[in-house]
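In: here are the coordinates; sequence isn't available:
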């Protein structure tokens, strides 16, 4: 059987059969992907947080498992001699025909690439065998047979109170609300204060599926009142009595963008037409790249694919050189950057000086741990690539020298290209040590205090997620453009529950007291919090702010208490939005209190 769209061009039954196998492999993957999102609704209703965490981690591996299944089927079925260049060319054409009317064509194209790139040498990656650029349009897919991705409500006709109640109840959550009328009143008051009197044509557009992550569900939409549009997100949580509450309404751009940050775990969302969800969210967050939106929706392979296309486009329209990234050089990673591109490229070195005692595989396992773990807004997500070709003329001579010295096993020159066999790509941030140093130099005490408060908050959020950073030096943390402090050096992270937090024993005698080396045994996972101040608090102003806000981080009892809570099964609350916007009116956190001077902001936003 040959697809009717290419009756004269296509003659290979093998090509058709392989295309069908790949399409069926993708359809199986996306069916399971949607089932996981549908199960997330049940986990949320039942408050089954541990099961929800496991399900979220397992879903991350769905894609690779389906790709490997598909590759294995094809390798078992066909001899390599049968897969000629002509078969590969026809295979792609058949596949294009099979995606006519498909509701996830861009994802299916990426799946096709993944299967093919597992079977082909990298020299084929950029030719007609794969989808170097999208072929099937995702425009207006939902206007065909797909269900509408958002519902529209008309508050001017039905009243805002009734409209908001319909929005919430239409999701048909099985768990009762504690006091929905009270919560609706709080949401209505917030919207009314922003919009005032409703125009006759006012409407509220709400995405048809809830967004689930950790212990929350989120209603995502926008209100349209005349010529004004207001994006909003309404978090739904469980209270202590296991009833539902509307916890807040997020309307500020910064709060919504942070909710969808690259430092957060992926959402679970049931989407028939994911491209339409991405387009709706881009209308709410126009500065956020399409690749990041796909990724935060759990479609990280599509996000990775879209990112790489954006990178190639940027490379084509820029001329600056890749150079070694600014900041203190790492012991295990060589980091380089393209100044005009807001990301950094990280390569694991071949060797590590003392005191580092690790291997490449151990480092990769730490990055994989972060990929699967809840990042609680405090660990940067990474994109992992293999066999990436860079134009040699865009690399500074210093960078080439460094790469060949520190990572010769990963670097290969092929004509006009440099191929790096394995690397990570990560959002560029201002290293916290540079932020603090600059603030201290210019006398910006508000920025200095903000950096220290955020640093401590970042550690406490990581601890709540059962993560001990290991190397807590300021150089291993970065400051985002929203002035949040994020951890990004993962080679020494451990689960908090694997650590043993100890108090330094009192010296037994004068010899112990004068000894340059510890007189007590130290296990591999032993941690002495009282020692943190020795390498963190050399600056007097930093010490002052640290002791004001985070003195508890220097005590063994604080760390041991957190470990005990996690070991007992407690899953801590980590809110992806500020406390002061919550309807329960908890106190505003210190990190939001002090404004930063324009000079400091301009300095770092221009980098």
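Out: Looks like it arrived, so ask away. As the structure is a computational prediction, the values presented were derived from the model and not from experiment. Numbers count the residues shown, from 1 in each chain.

In: please count neighbours and contacts with C-alpha atoms only from this point.
Out: Noted.

In: what number of residues are in the vicinity of residue 146?
Out: 13 (other C-alpha atoms under 10 Å).

In: surely it touches residue 271?
Out: No. Applying C-alpha atoms under 8 Å as the test, residue 146 and residue 271 come out as separate, 10.3 Å apart.

In: what do these two both touch?
Out: Common neighbours of residue 146 and residue 271, using C-alpha atoms under 8 Å, 6 or more residues apart in numbering, do not exist here.

In: next, the closest residue to residue 141 other than its chain neighbours: phi, psi?
Out: Once flanking residues are discounted, residue 141 sits nearest to residue 103: 6.5 Å by C-alpha to C-alpha, 6 or more residues apart in numbering. Main-chain dihedrals, residue 103, degrees, to the nearest 10: phi -90, psi -10.

In: per-residue confidence for residue 103?
Out: Among the per-residue scores, residue 103 holds a pLDDT of 94.

In: and it, what does it touch?
Out: Applying C-alpha under 8 Å, 6+ apart, the residues contacting residue 103 are 141-142, 146, 272-273.

In: and with 7 Å instead?
Out: 141, 272-273 (C-alpha atoms under 7 Å, 6 or more residues apart in numbering).

In: again, but for residue 370
Out: Here residue 370 is in contact with no residue (C-alpha under 7 Å, 6+ apart).

In: now it: how far from residue 383?
Out: 12 Å (C-alpha to C-alpha, to the nearest Å).

In: by mean pLDDT, point me to the weakest helix or strand of this protein.
Out: The weakest-scoring helix or strand in the chain, judged by mean pLDDT, DSSP states H and E, is helix 598-605 (a mean of 36).

In: report the buried residues of stretch 496-508.
Out: Residues 496-497, 499-502 are the ones in stretch 496-508 that count as buried (16 or more other C-alpha atoms under 10 Å).

In: show me what that stretch is in contact with.
Out: So stretch 496-508 is in contact with 463, 466-468, 513, 525-528, 556, 559-560, 563, 567, going by C-alpha under 7 Å, 6+ apart.

In: can you do 8 Å?
Out: Against stretch 496-508 from outside (C-alpha under 8 Å, 6+ apart): 463, 466-468, 513, 519-520, 525-530, 556, 559-560, 563-564, 566-567.

In: which residues does the nearest residue to residue 431 once chain neighbours are set aside form a beta bridge with?
Out: Here the nearest residue to residue 431 in space, its sequence neighbours aside, is residue 478; by C-alpha to C-alpha, 6+ apart that works out to 4.3 Å. In this entry, residue 478 is beta-bridged to residue 431, residue 486, by DSSP bridges.

In: equivalent analysis for residue 235, please.
Out: residue 218.

In: pLDDT score assigned to it?
Out: Taking residue 235 on its own, its pLDDT is 98.

In: was I right to think it contacts residue 217?
Out: Yes. Using C-alpha under 8 Å, residue 235 makes contact with residue 217 at a distance of 5.8 Å.

In: where along the stretch 151-300 of the chain do the strands fall?
Out: Assignment of strands within the stretch 151-300 of the chain using DSSP state E, counting those that start in this stretch yields the ranges 203-207, 211-213, 216-225, 228-238, 244-246.

In: which one of these lies closest to residue 31?
Out: Among the strands of the stretch 151-300 of the chain, the nearest to residue 31 by C-alpha to C-alpha is strand 211-213 (17.7 Å).

In: how about residue 215, what does it touch?
Out: Counting by C-alpha under 8 Å, 6+ apart, residue 215 has contacts 44, 47, 49, 237-238, 573.

In: may I see the ChimeraX selection of the buried members of the contacts of stretch 496-508?
Out: Selection command for ChimeraX covering only the buried members of the contacts of stretch 496-508, criterion 16+ other C-alpha under 10 Å:
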select :463,466,467,468,519,527,528,529,530,556,559,560,563,566
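
In: tell me the pLDDT of the most centrally placed residue in the chain.
Out: Relative to the mean C-alpha position of the chain, the nearest C-alpha, by C-alpha atoms, centre = their mean, is the one of residue 262, at 3.3 Å. The score at residue 262 is 91. That number is its pLDDT.

In: that one touches residue 292, doesn't it?
Out: Yes. Applying C-alpha under 8 Å, one finds residue 262 in contact with residue 292, separated by 6.9 Å.

In: contact partners of stretch 477-488?
Out: 254, 263, 377-380, 429-433, 435, 451, 454-455, 458, 469, 476, 489, 605.

In: out of the residues you listed, which are buried?
Out: Of the contacts of stretch 477-488, these count as buried by 16+ other C-alpha under 10 Å: 263, 377-380, 429-433, 435, 451, 454-455, 458, 469, 476, 489.

In: of these, which belong to helices?
Out: Among those, DSSP state H puts 432-433, 435, 451, 454-455, 458 in helices.

In: which stretches of the stretch 501-607 of the chain have low pLDDT?
Out: Within the stretch 501-607 of the chain, the segments meeting pLDDT under 70 span 585-607.

In: all the helices of it, residue numbers only.
Out: 510-514, 532-536, 540-550, 556-567, 598-605 (DSSP state H, counting those that start in this stretch).

In: right, and these - which one's nearest residue 120?
Out: Per C-alpha to C-alpha, nearest to residue 120 of the helices of the stretch 501-607 of the chain: helix 598-605, 42.0 Å.

In: nearest to residue 364, out of the strands of the stretch 151-300 of the chain?
Out: strand 211-213 (25.4 Å).

In: how far away from the center of its chain is the closest one?
Out: 14 Å (C-alpha atoms, centre = their mean, to the nearest Å).

In: for that strand, packing partners?
Out: helix 13-46, strand 216-225 (3 or more C-alpha pairs under 8 Å, 6 or more residues apart in numbering; DSSP states H and E).

In: buried deepest among these, which one?
Out: Comparing these by mean neighbour count (mean count of other C-alpha atoms under 10 Å), strand 216-225 ranks first with a mean of 21.
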